[in-house]
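1. Return atomic coordinates for the entry below.
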Amino acid sequence: MKTSTASLLGLLLTATSCQSFTPSRIPIVPLTAQQTKHSATASSNDEDLQLTRQIIMAHIAKQSGTPPSPYGDSLLPSHLTNPDDYPVNDLMIRAALGRTPTERTPVWLFRQAGRHLPEYMSYKKDVGRNFLEMLSFPQDVAECTLQPLRRYDVDAAILFSDILVVAEAMNVKVTMPGGVGIQVPCPLVGPADMNERLPKKEQLGREFVESKLGHVMESVRLIRKKMKEEGMEVPLIGFSAAPWTLLFYMVGGSSKKNNGIGVQWLTEYPEASRDLLDRLTSVIIEYMSQQVENGAHMLQLFEAMGMMIDQENFMKFAMPCLETIAKELKARYPDVPLMVFARGASFANEELSKLGYDVITIDGSVDRTKARDIVGGRTGLQGNYDPRELIPDGGDGNSVKTVETVRATAKDMLKALGPQRLIANLGEGLGGKESPDLVNEFVKVIHEESEKLIADEE
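-> From the prediction side, this is the model:
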């Protein structure tokens, strides 16, 4: 006798009546040979219930044609227990993990929330707060995070925040005086000053993050709540600056001047530099972990000041921190995609691809024809569209960018990098002069042309 899907769902709901469970929202996975073998040896009620779920949901998947989950034998990522926490549009997650092919290339943009959006400028004026001030108000953070999702068909949201919130939490004041970017007015002046002002490594655990960065976690929770209310079924990306980038600002004070002080610290105070980088590594791990625990589906690590350090010192000081972060976060959350961007330090991409990151972000300097060979199939790629293509005058006043030029250049990127295991993004963030119409066209053409390329490959 053929069992109907409705009957199976009824059985499943009966079996899980004591738990919060939404079958229609679960990534479906066919039953594997290993699971079939395990059915004869399940030794507890919990195991039996889990196996029953898998058998029933596999049958439903077969009848409905639902694609398999990227999580192999698991119904949900290892850190999730509530099916409602998993987005319906998981294209970004699947592309990042590379466990199954995707039907098109996902796309989002660095700084997709912010100055290039008229609604952002209007909102900021209405609330009467500058960028840094808004970060302390979860309602502002949530609104700004969601604005680009309302305008563009992007495949992810990213937490509206700043790379220096960790430095500020560690008692290094950050300001935004206007017209000169974010600054650290009182940078660290030496090892003694560092030890006097900064918390010790043993103080930089979970409790520190909850105490000093709790408003960020409140923002993450509110974003997820608002996304659900507005039907935004895409992943939320959490992020942090990487240790070298934070050290650079904490000792130099600005990206506009004193650019040599960071490397000078590494040279003159190697032990103190390692101590500072070690403290930063610890707090970054806990900070990013808490973002996951509060609702982030993916993580992005920004080594934004890679251009401010030479290769020898990068490998000696920055790379060990990036390795520790990758190993610890992937050990804690193996199913959470972890992306890294060593901006201006593309020499590091091959080594980074060996550390456990799921995605290596490439900046505009990377030769697309060699990018895949560099990561050797170990990771996916993210990038590296030139944001100047989204500025009507090209950013220099000497060229004209249109919907047609955007379509052509975006197609060129897709053909060079390939549509699979790629997250289409920029080589650096939006600066504020970009046209929303051109940004929208970029998002559209990535989806449309990648679908064609993938269909042609099949």
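
2. What ranges does the chain have for its strands?
-> Taking DSSP state E as the criterion, the chain carries its strands at 157-158, 236-241, 298-303, 338-342, 359-362, 380-385, 422-426.

3. Kindly provide the distance from residue 181 to residue 261.
-> 16 Å (C-beta to C-beta, to the nearest Å). Bear in mind the C-beta positions are built from the backbone N, C-alpha and C, glycine included.

4. can you count the residues close to residue 344?
-> 18 (other C-beta atoms under 10 Å).

5. Verify the contact between it and residue 306 for me.
-> Yes - between residue 344 and residue 306 there is a contact under C-beta atoms under 8 Å: 4.2 Å.

6. Residue 181 and residue 261 - which one has more neighbours?
-> Neighbours were counted for residue 181 and for residue 261 using other C-beta under 10 Å; residue 261 has more, 21 against 10.

7. so who does the residue nearest to residue 96 when sequence neighbours are not counted touch?
-> Among residues not flanking residue 96 along the chain, residue 337 sits closest, at 3.4 Å (C-beta to C-beta, 6 or more residues apart in numbering). Shown in contact with residue 337 (C-beta atoms under 8 Å, 6 or more residues apart in numbering): 92, 93, 96, 97, 297, 298, 299, 358, 359.

8. Let me have the residues you listed in CSV, extended by pLDDT, distance to residue 224 and neighbour count.
-> Below are the contacts of residue 337 laid out as CSV (pLDDT from 0 to 100; distance: C-beta to C-beta, whole Å; neighbours: other C-beta atoms under 10 Å):
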residue, pLDDT, distance to residue 224, neighbour count
92, 97, 16, 26
93, 97, 15, 28
96, 98, 19, 30
97, 97, 21, 23
297, 97, 9, 26
298, 97, 13, 26
299, 98, 15, 25
358, 98, 21, 25
359, 98, 22, 28
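
9. Can you lay out the residues you listed as a markdown table showing distance to residue 194?
-> Formatted as a markdown table, the contacts of residue 337 follow (distance: C-beta to C-beta, whole Å):
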| residue | distance to residue 194 |
| --- | --- |
| 92 | 38 |
| 93 | 39 |
| 96 | 36 |
| 97 | 38 |
| 297 | 35 |
| 298 | 32 |
| 299 | 27 |
| 358 | 33 |
| 359 | 33 |
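
10. Of those, which pair is most distant in space?
-> Across the contacts of residue 337, no pair lies farther apart than 297 and 359, at 13.5 Å, counting by C-beta to C-beta.

11. The spatially closest residue to residue 399 that is not a sequence neighbour and residue 412: what is the separation?
-> Distances taken as C-beta to C-beta, 6+ apart place residue 393 nearest to residue 399, at 6.7 Å, with adjacent residues excluded. To residue 412, residue 393 is 21 Å away according to C-beta to C-beta.

12. ok, the residue nearest to residue 399 to residue 363 distance?
-> Following C-beta to C-beta, the distance that separates residue 393 from residue 363 is 22 Å.

13. More neighbours: the two, which one.
-> Taking neighbours as other C-beta under 10 Å, residue 393 and residue 363 compare with residue 363 leading, 19 against 13.

14. who's in contact with the more buried one?
-> By C-beta under 8 Å, 6+ apart, the contact set of residue 363 is 341, 343, 344, 346, 383, 384, 427, 428.

15. Poorly predicted segments of this structure, please.
-> Within the chain, the segments meeting pLDDT under 70 span 1-75, 178-179, 255.

16. again, only using 90
-> Residue ranges of the chain with pLDDT under 90: 1-85, 176-183, 253-259, 395-398, 457-458.

17. Scan it for its longest helix.
-> In the chain, ranked by residue count with DSSP state H as the criterion, the top helix is helix 270-293.

18. Buried residues, it. List them.
-> Within helix 270-293, the residues scored as buried using 16 or more other C-beta atoms under 10 Å are 272-273, 275-277, 279-292.

19. Strand 338-342 and that one, what's the angle between them?
-> 140 degrees (axes from the mean of the first three to the mean of the last three C-alpha atoms, to 10 degrees).

20. from here on, count from 591
-> OK, 591 is where the count begins now, so the last one is helix 860-883.

21. Send me helix 860-883 as CSV with only the CA atoms.
-> Extracted C-alpha coordinates of helix 860-883, given in CSV (Å, rounded to 0.1, in the frame of the first residue of the first chain):
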residue,chain,number,x,y,z
PRO,A,860,57.4,41.8,18.9
GLU,A,861,56.4,40.2,22.2
ALA,A,862,53.9,42.9,23.1
SER,A,863,52.5,42.7,19.5
ARG,A,864,52.0,39.0,19.9
ASP,A,865,50.4,39.5,23.2
LEU,A,866,48.0,42.1,21.7
LEU,A,867,47.2,39.9,18.7
ASP,A,868,46.6,37.0,21.0
ARG,A,869,44.1,39.0,23.1
LEU,A,870,42.4,40.2,19.9
THR,A,871,42.2,36.7,18.6
SER,A,872,40.5,35.5,21.8
VAL,A,873,37.9,38.2,21.8
ILE,A,874,37.2,37.9,18.1
ILE,A,875,36.5,34.2,18.5
GLU,A,876,34.1,34.8,21.3
TYR,A,877,32.5,37.8,19.5
MET,A,878,31.8,35.9,16.3
SER,A,879,30.7,32.8,18.3
GLN,A,880,28.1,35.0,20.1
GLN,A,881,26.8,36.3,16.8
VAL,A,882,26.2,32.7,15.7
GLU,A,883,24.5,31.9,19.0
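
22. Show me where the stretch 791-940 of the chain has its helices.
-> Using DSSP state H, counting those that start in this stretch, the helices assigned to the stretch 791-940 of the chain run over residues 796-802, 804-819, 833-842, 851-858, 860-883, 901-903, 909-922, 939-942.

23. Adding distance to residue 704 as columns, could you present the ones you listed in CSV?
-> Output for the helices of the stretch 791-940 of the chain, formatted as CSV (distance: least, C-beta to C-beta, whole Å):
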stretch, distance to residue 704
helix 796-802, 24
helix 804-819, 15
helix 833-842, 19
helix 851-858, 26
helix 860-883, 19
helix 901-903, 31
helix 909-922, 26
helix 939-942, 26
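
24. So for residue 701, which of the ones you listed sits nearest?
-> Using C-beta to C-beta, the nearest of the helices of the stretch 791-940 of the chain to residue 701 is helix 833-842, at 15.6 Å.
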